[in-house]
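I would like the atomic coordinates for the input below:
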Amino acid sequence: MRSRPVISVIIPVYNTAEYLAECLDSVLAQTFQDIEIICINDGSTDDSPHILEAYAQKDSRIRIINQPNLGVVAARNNAIAQALGTYIFPLDSDDIIKPHTLSSMLNAIEEQKGDIITCRVMLFGTQQGEMILPKPNKYNMVQQNCLVNAALFRRADFMQSGGYNKSCFNGLEDYDLWLNLIFNHSKKIHRVPEILFFYRIKKAEESRNMQNKSAQKDIKKSFFKKYPQMRYYKLISFFLKPIIKLKRKATKQKFIF
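The predicted model follows:
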């Protein structure tokens, strides 16, 4: 019987053989070692399954789950349902993390700084530079998703929330999860003020988000019906904008409330 790890790293894999080894190497290099790595093969037709098998032979913490191609939402939900860790850290199979990412995020959640722990993000690939995101509070979250999917949270909170929404098969499933947790379950987001996560920007034809951009507009609109509190925070943020501008002008500082 497997002992229960502290963190379950969840990696959905679909035809990412070109990037997969780099992703797995970044997880295996973590300074915090009490983890399991669940790689869920979502019906890959390239060399990804062979790469996964080779890595699983080298490290017993890697678990492989195979399923037909059902999409990333089903893959993540399936993997997290079988996870043993107290905490969950989703990671896409083409992204990478710094060696102390998990230890820094774990410290933050155990120090009760938040229930969803995110960090600063660096872009790499076809674009480079820091991804500048607004502070992840309720006022800003109604405007846009202020964090990436690679965040640390409690498995118990995820299961209580119902998990990733299956209707978000065109994307934004992570945004929906965060809105669900903060508005329906009163969870708080904390951003570690350090770049710990590297988000790969690929060509448009390789990117799921770019391919489904038009469909995502309708999904965003539906969130305001699903989470009525969003209208209140959007209204408040509208009235706060002039005050923020005045403060910026007075202090000559750039900041995000």
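
for this structure, what are the low-confidence residue spans?
Regions of the chain meeting the criterion pLDDT under 70 cover residues 1-2, 204-214, 240-257.

Partner strands of the longest strand along the chain, with direction?
Assignment by DSSP state E gives strand 189-201 as the longest strand of the chain. Under the criterion DSSP bridges, strand 189-201 sits next to strand 96-97 (antiparallel), strand 116-125 (parallel) in its sheet.

just those: most buried one?
Burial of the strands paired with strand 189-201 is given as mean neighbour count (mean count of other CB atoms under 10 Å); strand 96-97 ranks first at a mean of 22. Every C-beta, even on glycine, is put in place using the N, C-alpha and C of the backbone.

following that strand, which helix or strand shows up next?
helix 101-110 (DSSP states H and E).

how about that next one: buried residues?
101-106, 108-109 (16 or more other CB atoms under 10 Å).

the inter-axis angle of that helix versus strand 189-201?
160 degrees (axes from the mean of the first three to the mean of the last three CA atoms, to 10 degrees).

Measure how far helix 101-110 is from the centre of its chain, please.
Relative to the centre of its chain, helix 101-110 is centred 15 Å away, using CA atoms, centre = their mean, to the nearest Å.

packing partners for that helix?
Applying 3 or more CB pairs under 8 Å, 6 or more residues apart in numbering; DSSP states H and E, one finds that helix 101-110 contacts strand 7-13, strand 87-90, strand 116-125, strand 152-154, strand 189-201.

C-terminal to the helix or strand containing Ile64, what's the next element?
Under the criterion of DSSP H and E, Ile64 resides in strand 62-67. Where DSSP H and E defines the elements, the next helix or strand beyond strand 62-67 is helix 72-81.

which residues sit against that next one?
8, 10, 12, 14, 38, 40, 42, 65, 67, 70, 88, 90, 155, 158-159, 163-166, 168-169, 173, 208 (CB atoms under 8 Å, 6 or more residues apart in numbering).

In ChimeraX, select just the buried ones from those.
Buried residues among those (16+ other CB under 10 Å), as a ChimeraX selection:
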select :8,10,12,14,38,40,42,65,70,88,90,155,158,163,164,165,168,169,173
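
residues touching the residue most central in space within the chain, list them.
Central residue of the chain (CA atoms, centre = their mean): Asn149, 1.2 Å from the mean position. Asn149 makes contact with 90, 92, 174, according to CB under 8 Å, 6+ apart.

Out of the buried residues of helix 101-110, give me the two with the largest separation.
Spatial extent of those (CB to CB) is set by the pair Thr101 and Ile109 at 12.8 Å.

on that earlier part again, and the strands paired with strand 189-201 as JSON lines, adding distance to Lys188?
Output for these, formatted as JSON lines (distance: least, CB to CB, whole Å):
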{"stretch": "strand 96-97", "distance to Lys188": "22"}
{"stretch": "strand 116-125", "distance to Lys188": "7"}
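
can you tell which of the ones you listed is closest to Trp178?
strand 116-125 (6.5 Å).

just how off-centre is the helix or strand that contains Asp174 within its chain?
Applying DSSP H and E as the criterion places Asp174 in helix 173-179. Chain-centre distance of helix 173-179: 9 Å, with CA atoms, centre = their mean.

just stretch 111-123 next, same as before
Stretch 111-123 has its C-alpha centroid displaced from the chain centroid by 10 Å (CA atoms, centre = their mean).

go on, stretch 159-167?
Put simply, stretch 159-167 sits 14 Å off its chain's centre (CA atoms, centre = their mean).

Now do it: everything it contacts.
Contacts to stretch 159-167, defined as CB under 8 Å, 6+ apart, come from residues 73-74, 76-77, 80-81, 173-174, 176-177, 180-181, 184-185.

Between the two ends of it, what distance do you get?
When the termini of stretch 159-167 are compared using CA to CA, to the nearest Å, they are 17 Å apart.
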